[in-house]
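>>> mind folding the following:
(4 chains)
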There are 2 protein chains.
Amino acid sequence: MIKDTIKHEKWDSQLRKGSLELVVLASLNGRQAYGLELLKSLQQLPTMQLSEGTLYPLLDRLKREGLIAAEWYQEGDSRPRKYFQLTDEGQIKLAALTDRWRQSVADIEYLLDHPGPDPLFEE
Amino acid sequence: MIKDTIKHEKWDSQLRKGSLELVVLASLNGRQAYGLELLKSLQQLPTMQLSEGTLYPLLDRLKREGLIAAEWYQEGDSRPRKYFQLTDEGQIKLAALTDRWRQSVADIEYLLDHPGPDPLFEE
DNA sequence: CAATATACTATGTAATGCAAGGTATACGGT
DNA sequence: ACCGTATACCTTGCATTACATAGTATATTG
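Numbers count the residues shown, from 1 in each chain, chains lettered A, B, ... in the order given. Coordinates of the predicted model:
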């Protein structure tokens, strides 16, 4: 069946547009990580097949916004790595975004579970 | 507290970017609706405060892609309204998007529920 | 020492949600 | 009849952002 081999890439990318910021903040909750490490860890999830070209600019933006902090760190004589971690502000933002995301999921679930004429609308 | 009056608008808009297509298709599942009717029905949901400038171009796009069909209809001597409904292709697409959306929600739930060092990663 | 892998950076493009403004018609009050 | 408001749809231009692509630099490996 063709259906099973449908490419999810474009739709996935569209879907990620809304939630990537939340996802990255959540991934940095309770741990430090450097760019590629974070990338590979996210890529373990089926809908999170993003690329470097997406992640690095996003990390830059989050840093500019003060939600994460970056710090170069060299382990032994390996290549220096730029480690990221949540700031206090980032923690707060993460909590707010999580709440709002759950609300959005609830709204969409409602729409999916209630097809047909809108009961909210026609009394 | 200022925190409680945080404006969700910008984040909501960002979040909608990923799912609006699914949302509109789901809203047309099992019923016909014209533009403003659909808009008002969506706006009953807290995270779906979109505007006409968002909905109409989206409906155009979905029509161009063959996922919905449009038809002008005049009831009595009221203003003619453009009614939209899902096509067969739209039905199929809706099912596929719904599956993928649920997968994405599961992935994000996983991230939110498992803070700290990535257990998928460090064995 | 070339080839590959790691790690980060930079540039340009396409998609899309939205604000703002536009057109046209119906209806209610005075 | 006239004016204001509501309904209904459309259009233009902008800002954001995920991504592809390419580039730089340093280890590591054969």
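>>> all helices for chain A, in order.
Assigned by DSSP state H, the helices in chain A fall at A:9-27, A:35-42, A:52-64, A:88-113.
>>> buried set for the third one?
If I follow you right, that is helix A:52-64. Residues A:54-55, A:58-59, A:62-63 are the ones in helix A:52-64 that count as buried (16 or more other Cβ atoms under 10 Å in any protein chain shown). Glycine gets a C-beta too; all of them are placed from N, C-alpha and C.
>>> still on that earlier bit, let me have the helices of chain A in TSV, extended by distance to residue B:72 and mean pLDDT.
Formatted as TSV, the entries for the helices of chain A read as follows, by distance: least, Cβ to Cβ, whole Å; pLDDT from 0 to 100:
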stretch	distance to residue B:72	mean pLDDT
helix A:9-27	30	90
helix A:35-42	47	92
helix A:52-64	42	94
helix A:88-113	26	94
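>>> of the buried residues of helix A:52-64, list those near DNA strand D.
Restricting those to those within reach of DNA strand D (Cβ under 7 Å from any atom of the strand) leaves A:54, A:58.
>>> and which of the buried residues of helix A:52-64 is nearest to DNA strand D?
Taking Cβ to the nearest atom of the strand as the measure, DNA strand D lies nearest residue A:54 of those, at 3.2 Å.
>>> so which bits of chain A are right by DNA strand D?
Counting by Cβ under 7 Å from any atom of the strand, the residues of chain A that sit close to DNA strand D are A:9, A:12-13, A:16-18, A:20-21, A:49-54, A:57-58, A:61, A:77-79.
>>> generate a PyMOL selection restricted to the buried subset of those residues.
Selecting just the buried residues from the residues of chain A next to DNA strand D in PyMOL takes one command, with 16+ other Cβ under 10 Å as the test:
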select buried, chain A and resi 12+13+16+17+18+20+21+50+54+58
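>>> still on that earlier bit, can I get the helices of chain A in a markdown table with distance to residue B:110?
As requested, the helices of chain A are exported to a markdown table (distance: least, Cβ to Cβ, whole Å):
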| stretch | distance to residue B:110 |
| --- | --- |
| helix A:9-27 | 9 |
| helix A:35-42 | 11 |
| helix A:52-64 | 18 |
| helix A:88-113 | 13 |
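>>> quick one: which of those helices is nearest residue B:107?
Across the helices of chain A, residue B:107 has its closest neighbour in helix A:9-27 (8.2 Å, Cβ to Cβ).
>>> quick one on the thing from earlier: which one, of the helices of chain A, ends up nearest to chain B?
Nearest to chain B, of all these, is helix A:9-27, at 3.3 Å by Cβ to the nearest Cβ.
>>> quick check: closest non-adjacent residue to residue A:48.
The shortest distance from residue A:48 to any non-neighbouring residue, by Cβ to Cβ, 6 or more residues apart in numbering or on different chains, is to residue A:42 (4.4 Å).
>>> could you do residue A:116 as well?
Distances taken as Cβ to Cβ, 6+ apart place residue B:30 nearest to residue A:116, at 3.9 Å, with adjacent residues excluded.
>>> go on, residue A:81?
The shortest distance from residue A:81 to any residue other than its chain neighbours is 3.9 Å, reached at residue A:34 (Cβ to Cβ, 6+ apart).
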